[in-house]
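Q: output the structure for:
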Amino acid sequence: GIRPSEGDELVSIGAVRIVNRRILTGETFERIINPGRPIPQSSVRIHGITDEMARDKPPARIVLPQFKNFVGDGVLVAYNAAFDMKFLELKQAEAGVRFNNPVLDALLLSIYVSPDEPDPSLSATAERLGVEVVGRHTALGDAMATAAIWVKLLDMLEARSVRTLGQAHRISNRLAAERLQVVQF
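A: Okay, the predicted model is just below:
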């Protein structure tokens with residue numbers, strides 16, 4: 001589902017490591033998660049994960065420590081990071097982990113470098129930047145697309161004098177705060 005605060009649950013998580021602007025396709029993390037409840041058909045139509053596929057998989061409280069071990073203290077880059085991070089935040093206490101990693105939102109940073117683009121979705125941004133998307137709406141497929149977008153965004157950010165992850169983090173946080181203020185009014 002898309003409403004973690006209303007009881008929707010994680011059904012999968014995926015990540016790929018990026019080092020020095022290189023996507024390390026051999027260093028990935030991908031797990032299906034048993035949400036402990038039936039998966040709505042509306043969700044199955046999007047990500048393709050069925051109750052049968054998740055039935056014998058571990059719950060989030062088991063998978064999230066594995067994921068934390070994979071990411072360590074690294075910077076997390078996500079597309080629409082607030083959405084993904086909300087799921088992690090709601091489950092971290094139960095899992096006994098804390099995701100206090102720096103988080104960069106590739107969606108917000110893509111808006112920062114291309115503010116006049118009418119469609120900032122992952123698919124539209126990938127197309128605009130020449131990134132092939134394989135496995136859209138799967139955790140690893142979206143992670144791979146986000147990684148490729150991120151690598152391309154790095155050059156675009158540098159062209160706007162954003163040269164450190166700290167600078168990108170401040171911009172991402174500022175834009176997230178601005179969006180939150182707009183939503184609250």
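
Q: tell me where the protein has helices.
A: In the chain, the helices defined using DSSP state H lie at 41-47, 51-54, 60-71, 81-95, 106-113, 122-129, 139-159, 165-184.

Q: what helices or strands is the last one leaning on?
A: Read that as helix 165-184. helix 81-95, strand 103-105, helix 106-113 (3 or more CB pairs under 8 Å, 6 or more residues apart in numbering; DSSP states H and E). For every residue, glycine as well, the C-beta is placed using N, CA and C.

Q: tell me the contacts of residue 30?
A: With contacts defined as CB atoms under 8 Å, 6 or more residues apart in numbering, residue 30 is in contact with 12-15, 139-140.

Q: which two of these have the greatest separation?
A: Farthest pair in the contacts of residue 30 (CB to CB) is 12 and 15. Separation: 11.1 Å.

Q: circling back to that earlier point, tabulate the helices and strands packed on helix 165-184 (TSV), appending mean neighbour count, distance to residue 29 and mean pLDDT.
A: Converted to TSV, the helices and strands packed on helix 165-184 look like this (neighbours: other CB atoms under 10 Å; distance: least, CB to CB, whole Å; pLDDT from 0 to 100):
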stretch	mean neighbour count	distance to residue 29	mean pLDDT
helix 81-95	17	13	94
strand 103-105	22	16	95
helix 106-113	22	18	96
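
Q: output those as JSON lines; include the columns distance to residue 144.
A: Formatted as JSON lines, the helices and strands packed on helix 165-184 follow (distance: least, CB to CB, whole Å):
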{"stretch": "helix 81-95", "distance to residue 144": "15"}
{"stretch": "strand 103-105", "distance to residue 144": "16"}
{"stretch": "helix 106-113", "distance to residue 144": "12"}
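
Q: ok, now which ones touch the residue positioned nearest the centre of the chain?
A: Against the mean C-alpha coordinate of the chain, by CA atoms, centre = their mean, the closest residue is residue 78 at 3.2 Å. When contacts are counted by CB under 8 Å, 6+ apart, residue 78 touches 84-85, 103-106, 146.

Q: now residue 79
A: Listed by CB under 8 Å, 6+ apart, the contact partners of residue 79 are 105-107, 122, 125, 142, 145-146, 149.

Q: widest-spaced pair of those residues?
A: Within the contacts of residue 79 (distances taken as CB to CB), the two that end up farthest apart are 105 and 145, at 14.6 Å.

Q: understood, closing this out.
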